[in-house]
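> With the input below, show me the fold.
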Amino acid sequence: MHSQCPSAPYLSSRALAVVVLAVCSFAAQSVEAQSSQPPFPAQAQRPDQTKPLEDKSAQANPQQPPTAAELSKKETVASALLRGLEYQEYEVRSAAEALPEDKYGYRPAEGKFKSEKTPVGPAEVRTFAEQAKHVACANFAFAAELDGQKPPAACDKGGPSPAKTKKELLIYLRDSFAAIRKSLGAIDAKNMFDPIEGPYAGPNTRLGLAIVVIWHNADHYGQMLLYLRLNGIVPPASRPNPPELKDTY
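Got it, this is the predicted structure:
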């Protein structure tokens, strides 16, 4: 015998009432459950929506550089020269800080050009250590000429400094930029055309030699950055957040 479910037309009035009560009770519970849920997030708050871009330029750069008009109000010969030198000092010194000491002996095209005869400097490409030492010696030499003193000899071949290790060369570079900053800072509208004699970029004027100083550092930084790139290092001056220079080593 198979039991059969009675169809709706044959339900008793009491059974029908029970069914109706059950359905109504379920519907009420469903409505209550829905009302207890948090509302659907607004369009702007939905996790599948990209947040609007926020301009953080003001926070990232709280001190905006002065405008050209602002600069012109207080510009001097010395401030213009020192601003140009500041860029080169950071580039050269930060590159020297970034390269590991075991790479200071690195020389591109090792063994080539030895037979070349050059009027100035070595025939073969300098090592990184030789680049750093040459720049430092040249800065001291230019500063001496600007100050009317005798410059160190043979800066094109390394100069007289015994600096050899990375730490020694970093100190040598740091001190050389301090010396040349002092000399450039003494240039003004009255003395900028004074004659300057000496073996390095002479004969010249004070202003003319100052321009050579900035050019010379930029010239060698252009070489030094390639040493970093060839060793898989991004020069600090080319990074999104360039590190600050060190004061002590």
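
> contact partners of stretch 135-147?
The contact list for stretch 135-147 (Cβ atoms under 8 Å, 6 or more residues apart in numbering) reads 92, 150-152, 155, 158-161, 163, 169, 172-173, 175-177, 179-180, 182-184, 186-187, 196-202, 206, 209-210, 212-213, 216-217, 220. C-beta: built from backbone N, CA, C; applies to glycine.

> Sorry, slip of the keys, the one I care about is stretch 226-245.
With contact meaning Cβ under 8 Å, 6+ apart, stretch 226-245 is reached by 89-91, 93-95, 97-99, 103, 106, 108, 128, 131, 225.

> Tell me the most packed of the residues you listed, by neighbour count.
Using other Cβ atoms under 10 Å as the neighbour test, the contacts of stretch 226-245 are led by A95, with 25 neighbours.

> any idea whether K182 is helix, strand or coil?
Judged by DSSP: H, G, I helix; E, B strand; the rest coil, the three-state class of K182 is helix.

> Now for it: which residues touch it?
K182 touches A143, counting by Cβ under 8 Å, 6+ apart.

> Make 726 the starting number, not 1.
Noted, 726 is the first residue going forward, which turns the last one into K907.

> returning to that earlier point: tell me which entries of the contacts of stretch 951-970 lie within helices.
Of the contacts of stretch 951-970, the ones assigned to helices by DSSP state H are 814-816, 818-820, 822-823, 853, 856, 950.

> Tell me the one among those nearest to Q789.
Y815 (19.3 Å; Cβ to Cβ).
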